[in-house]
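> this one's sequence-less:
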Ligand SMILES: [Zn+2]
């Protein structure tokens, strides 16, 4: 097992390993509208695409589905759901499938067609922007 306390910042450790929650409207990815992929900050597994990110107004980055979802089939995504009863009322926790990092929760009040809102902590994520179009153009010239 990796020594997460050495690898992560104190805030990253608190959220991903102790099931913490960052303060609303504090996350660095809340208003990020760049195109790219959000990876697990612990193990680098791709979790959410910018294509499914939307502004929910709740104060945390929100996604309507996990990367790799096929309808309601999440077997090819990087996430798992777990029932969380720690606050009394049951909520569905979202964790990284590969390293079990706590990411956030999923609620049934998202936009259509999925109707889901993945409410994810910015500090649990590492954003990687898509390659710029110019680089792809360059590649085509050599073909
Ligand atoms: Zn992970």
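Noted; the coordinates are in hand. Just so we're clear, the structure is a prediction, and the values are computed from it rather than from any experiment. Residues are numbered from 1 along each chain as shown.
> Give me the below-cutoff pLDDT ranges for this protein.
The chain contains residues with pLDDT under 70 at 1-2, 133-143.
> What parts of it come near the ion?
Where proximity means Cβ under 5 Å from the ion, the interface of the chain facing the ion comprises 40, 42, 43, 45, 96, 98, 99, 101. In short, each C-beta sits where N, CA and C put it, glycine included.
> neighbours of the fourth one, just the number please.
In terms of burial, residue 45 registers 16 neighbours under the definition other Cβ atoms under 10 Å.
> if I pick it, what's in contact with it?
Contacts were defined as Cβ atoms under 8 Å, 6 or more residues apart in numbering; by that measure residue 45 touches 39, 78, 96, 97, 98, 99.
> Quick check: the closest residue to the fourth one other than its chain neighbours vs residue 54, distance?
Using Cβ to Cβ, 6 or more residues apart in numbering and skipping residues adjacent in sequence, the residue nearest residue 97 is residue 80, 4.9 Å away. Distance check for residue 80 against residue 54: by Cβ to Cβ, to the nearest Å, it reads 22 Å.
> Next: residue 89.
Where residue 54 is concerned, residue 89 sits at a distance of 24 Å (Cβ to Cβ).
> next one: residue 126
Noted for residue 126: a distance of 20 Å to residue 54, by Cβ to Cβ.
> So which of those two has more stuff around it?
Here residue 126 and residue 54 are compared on neighbour count by other Cβ under 10 Å; more neighbours surround residue 126, at 16 against 13.
> tell me which residues form a beta bridge with that one?
With beta bridges defined as DSSP bridges, residue 126 has these partners: residue 39.
> My read is that it contacts residue 37, right?
No. Using Cβ atoms under 8 Å, residue 126 makes no contact with residue 37, being 9.2 Å away.
> For the chain, which segments count as strands?
All strands of the chain, identified by DSSP state E, fall at 36-40, 46-49, 53-54, 62-63, 79-84, 91-96, 102-107, 117-120, 125-129.
> Now tell me what touches the fourth one from outside.
Read it as strand 62-63. Judged by Cβ under 8 Å, 6+ apart, the contacts made with strand 62-63 from elsewhere in the structure are 38, 48-49, 52-56, 110, 117-120.
> Can you get me the centre-to-centre distance for that strand and its chain?
Strand 62-63 has its average C-alpha position 8 Å from the chain's average C-alpha position, going by Cα atoms, centre = their mean, to the nearest Å.
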